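1. Compute the structure for the input listed below.
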Amino acid sequence: MIYIEQAVLHIVDGASGNIFYAAAPLDLEEAGVARYLEKLLQHFLKQDLRSDTLPTDHWLKTVSFTADDFMATSQALSEQLYQLTAPQAEIPRGDLLCVRYTEADVAYFALLKLNQGQEYTHFLNYTEEGITNEIILNQAVLPAPQRKISEGFSLNLSTGQYVLADQVFPVDGEKIAYFSERFLKLPAPLTATEQMKEVKAAVTAVAEDFSQDTFTATSQAQTTLYQQLDQDETVDLSALAEAVFPTEAAQEALTERLTEQVTAPQPLAASPKVKRHLSKQRLKLDNGIELIVPQSVYQDPEQIEFINQPDGTISVVLKQIESIENKF
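-> Sure, this is the predicted structure:
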């Protein structure tokens, strides 16, 4: 559970582009403020984030994130980000939220860029004739808690591990992920979803190189990844290669490709999103039939079987079906 210790919002005016630094933290006793921040952080941390550990000599290691230095640190970091984004017309305006929080007794510091939105609201206008009820367009609405945060990071203050979200924008004529590259000056590791795509591409390529059936290879790779992440929350490259391909040459080829293409220490992070995706095999047959099969069923030949027919076609046999429901 997330507990907010300190938070401050530095406001960037959408019209003028000027930044207004807060002189004091947010009042967490104000109705709904702490709950809003908790939900915002919870949703951010569930996103498909990039994750790694700060290098030994990284500049963030010289920054003080103590409670006493919180306001000064938040303003200094926000100033750096503002100076980087202010001249860039393509980067959306956004308020800068800095938060010190704990989760499971571990201290974190987060900086989230809250891109402003537009929403209509009612407005009471007092005139000489009385009250007139109007509808106005609010130009600077903060994002709802469930809205995706496109640029932000959270740092574990004990271990130096971080997660970040970034997005590519034109900066000085060059499209870059400015938040990670220019602001944080950190490498942007592949997200768990991107890593999974790289693994699938590597398995497919090796299967084609060694004249193996790509369907069997990718299905076995997904099952193995799911089992490893479910049990150990890490991936053993050698065990993955051995499970997917029968020959040593193909196993070595897959391990080499994964080592080159996937830059993270492990080819997949054990994120809940990835584990949910891996937990079901999604099959699309050339006759238009699509199947979503839980891994527990997919691995049980008493419930589903794939039969290679003499004419080269494949039969899919579903067994022990007690009832069928139409999801119309």
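2. For the rest of this, base every contact and every neighbour count on C-alpha atoms.
-> Fine.
3. I'd guessed L84 sits against S180; true?
-> No. L84 is beyond contact range of S180, at 11.9 Å (criterion: Cα atoms under 8 Å).
4. out of these two, which sits in the more crowded spot?
-> S180 (22 against 15; other Cα atoms under 10 Å).
5. okay, now the closest residue to the more buried one other than its chain neighbours: neighbour count?
-> Nearest non-adjacent residue to S180, counting by Cα to Cα, 6 or more residues apart in numbering: L186, 5.4 Å away. Other residues lying near L186 total 17 when counted by other Cα under 10 Å.
6. Give me the distance between L186 and P55.
-> 9 Å (Cα to Cα, to the nearest Å).
7. ditto for E29
-> Here E29 is placed at a distance of 37 Å from P55 (Cα to Cα).
8. With L26 instead?
-> Counting by Cα to Cα, the gap from L26 to P55 is 32 Å.
9. And L40, by the same measure?
-> 28 Å.
10. of the two, who's got more company?
-> In terms of neighbours (other Cα under 10 Å), L40 is the more surrounded of L40 and P55; the figures are 20 against 13.
11. so how far is the strand or helix carrying the more buried one off the chain centroid?
-> Counting by DSSP states H and E, the element that carries L40 is helix 33-45. Between the centre of helix 33-45 and the centre of its chain there are 15 Å (Cα atoms, centre = their mean, to the nearest Å).
12. For that helix, C-alpha coordinates in PDB please.
-> Written as PDB, here are the backbone C-alpha positions of helix 33-45 (Å, rounded to 0.1, in the frame of the first residue of the first chain):
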ATOM      1  CA  VAL A  33      -5.800  15.100  -2.200                       C
ATOM      2  CA  ALA A  34      -3.800  12.200  -0.600                       C
ATOM      3  CA  ARG A  35      -6.300   9.700  -2.100                       C
ATOM      4  CA  TYR A  36      -5.900  11.200  -5.600                       C
ATOM      5  CA  LEU A  37      -2.100  11.100  -5.400                       C
ATOM      6  CA  GLU A  38      -2.200   7.500  -4.200                       C
ATOM      7  CA  LYS A  39      -4.400   6.400  -7.100                       C
ATOM      8  CA  LEU A  40      -2.300   8.400  -9.500                       C
ATOM      9  CA  LEU A  41       0.900   6.600  -8.300                       C
ATOM     10  CA  GLN A  42      -0.700   3.200  -8.200                       C
ATOM     11  CA  HIS A  43      -1.900   3.500 -11.800                       C
ATOM     12  CA  PHE A  44       1.500   4.800 -12.900                       C
ATOM     13  CA  LEU A  45       3.300   1.900 -11.300                       C
END
